[in-house]
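> need a structure here:
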Amino acid sequence: MFNNVIGQQRVKKILTNIHKSERLSHAYIFHGKEGIGKDAMAIEFSRLINNESPETNIFHTEYFNFITSLPAGTGDAGENSDPLLGLDKKDFDVYRSEMENKSEDFYHKINIPKANNIRIDSIRFIKRKIYLTGRENKKKIYVISDADKMSQESANALLKILEEPPKNSLLILTTSRINSLLPTIIGRCQLIKFDDISLDDLTNYINKTFNEISSEEAALYASLSDGSISACNALIENDTLEFRESMLNLLAAALSGRSLLLGDEIDYIISMKSKSALKQYLSIMLLWFSDLVLRDSGSVDFIANKDKIDRLDKFNSKFEFDYYDVILSIEDAIREIDMNVNQELILFNLIYKLKAIINPLKTG
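As a prediction, this is how the structure comes out:
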């Protein structure tokens, strides 16, 4: 049971008790930071509810539906049509490939170009199917991944379903941004908060998955992953130690006024032309500032960059800053990436904000 879910022992116990008690709600919201297993748990919970064996690929069953963002397509598929019919061949092929990857790796992050929103067509399609009579011994299950990406129109359509929930069906919404959901949707679902993945679980995952990584490197990557499997995978795939060095050079150049070095470091990350790489870069920056505060307070055990203690001390001895202003500035920059703002502009604006927040310590 839940063999494909890493960690989350508390949530596993909650869902197991729900299943045993046979007091299943009509809708749940699984929420917590990105990459901690919300989709994976939704898939495994669906398998448990319908008593499917671990060998069954439920993505290939008639009762399980996984809803994700889709490109605009060539036209409106119509209220009574499958929204996939509106996709052009290239987008449809990408969709099929991504869904197959998801069915094989529940932690896979679906990436379809120009798929920025969960379309109204997808919610209409749920509405048309969910009220139909299904097999007596199976529940119709709809997992809406990244439900915060629903447009206003899509969210309103989903709300109508939640207001009149059909029998023998289940909706599971997953999100890392619960505050972006309509309060009326939140109010009609049972909320289950997911925990960060523990350092031990992350380290074990790295050791089992990446044979070429040493135990020492695994421990470092686990500490840098901020409790997230997807962050961990991105760290390893993107040569994170090089990212971190570049990020530290960028901060040093910005705060010392070395514009040539600053330009070089910005060019380095922009040249990758990758939204996920830039997100990872800024996530590493978030961790760095968190560690600066932890180091200053003496909480060494929780520091991610344990191999950079000397550099943390050096930074703290030279600068002071408002932690919350720094974090808000970096998080704003990360949000702008998803809004397709020019990446070079994002970085220059962030540097401008940080230079105003981070000040040299006064001596004497």
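
> For stretch 106-125, buried residues please.
106-110, 112, 115-125 (16 or more other C-beta atoms under 10 Å). Using the backbone N, CA and C atoms, a C-beta is placed for each residue, glycine as well.

> Endpoint to endpoint, it covers what distance?
Taking C-alpha to C-alpha, to the nearest Å, the first and last residues of stretch 106-125 lie 23 Å apart.

> re earlier: which of the buried residues of stretch 106-125 fall in helices?
Using DSSP state H, the subset of the buried residues of stretch 106-125 located in helices is 120-125.

> can you give me the end-to-end distance of stretch 97-112?
So stretch 97-112: terminal residues 10 Å apart, C-alpha to C-alpha.

> List of residues touching it?
Here stretch 97-112 makes contact (C-beta atoms under 8 Å, 6 or more residues apart in numbering) with 4-6, 35, 37, 39-40, 43-44, 57, 59-60, 66, 68-71, 91, 94-95, 145, 229-230, 233.

> what do you get for stretch 52-61?
With C-beta under 8 Å, 6+ apart, stretch 52-61 has contacts from 3, 43, 46-47, 50, 64, 66, 99-100, 102-103.

> repeat for stretch 321-330
By C-beta under 8 Å, 6+ apart, stretch 321-330 touches 282, 285-286, 289-290, 293, 350, 353-354, 357-359.

> Put the alpha carbons of it into PDB.
Output in PDB follows, covering the C-alpha atoms of stretch 321-330 (Å, rounded to 0.1, in the frame of the first residue of the first chain):
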ATOM      1  CA  PHE A 321      19.300  42.300   5.600                       C
ATOM      2  CA  ASP A 322      15.600  41.900   6.200                       C
ATOM      3  CA  TYR A 323      15.000  38.200   5.700                       C
ATOM      4  CA  TYR A 324      11.300  38.500   4.800                       C
ATOM      5  CA  ASP A 325      11.900  41.200   2.200                       C
ATOM      6  CA  VAL A 326      14.600  39.100   0.600                       C
ATOM      7  CA  ILE A 327      12.500  36.000   0.500                       C
ATOM      8  CA  LEU A 328       9.500  37.900  -1.000                       C
ATOM      9  CA  SER A 329      11.700  39.400  -3.700                       C
ATOM     10  CA  ILE A 330      13.100  36.000  -4.700                       C
END
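
> Relative to the whole chain's centre, how far out is it?
Remark: stretch 321-330 is offset 21 Å from the chain centroid, using C-alpha atoms, centre = their mean, to the nearest Å.

> Contacts only, for I36.
Going by C-beta under 8 Å, 6+ apart, the list of residues near I36 reads 7-8, 194-197, 227-229.

> Please report phi then psi for the closest residue to it other than its chain neighbours.
Nearest residue to I36, sequence neighbours excluded (C-beta to C-beta, 6 or more residues apart in numbering): F194, at 5.2 Å. Dihedral pair for F194: phi -100, psi 150, per degrees, to the nearest 10.

> isn't F194 right next to K38, touching?
Yes - with contact defined as C-beta atoms under 8 Å, F194 and K38 form a contacting pair (5.5 Å).

> what residues are shared contacts of the two?
What both F194 and K38 touch, as defined by C-beta under 8 Å, 6+ apart, is the set 30-32.

> Take the residues you listed and keep only those in strands.
Mapping those onto strands (DSSP state E) picks out 30-31.

> ok, back up a step: nearest to E163, of the contacts of I36?
When those are compared for distance to E163 (C-beta to C-beta), F194 wins out at 26.1 Å.

> That closest one: what's it in contact with?
Neighbours of F194 in contact, by C-beta under 8 Å, 6+ apart: 8, 11, 30-33, 36-38, 41.

> I'd like the next helix or strand past the lengthiest strand in the chain.
Secondary structure of the chain per DSSP E: the longest strand is strand 169-175. Using DSSP states H and E, the helix or strand that follows strand 169-175 in sequence is helix 183-187.

> Any of the contacts of I36 buried? List them.
7-8, 194, 196-197, 227-229.

> need these in a markdown table with secondary structure, can you?
Putting the buried ones among the contacts of I36 into a markdown table (DSSP: H, G, I helix; E, B strand; the rest coil) gives the following:
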| residue | secondary structure |
| --- | --- |
| G7 | coil |
| Q8 | coil |
| F194 | coil |
| D196 | coil |
| I197 | coil |
| G227 | coil |
| S228 | coil |
| I229 | helix |
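
> which pair in those spans the largest distance?
For those, and using C-beta to C-beta, no pair is farther apart than Q8 and S228, which are 12.3 Å apart.
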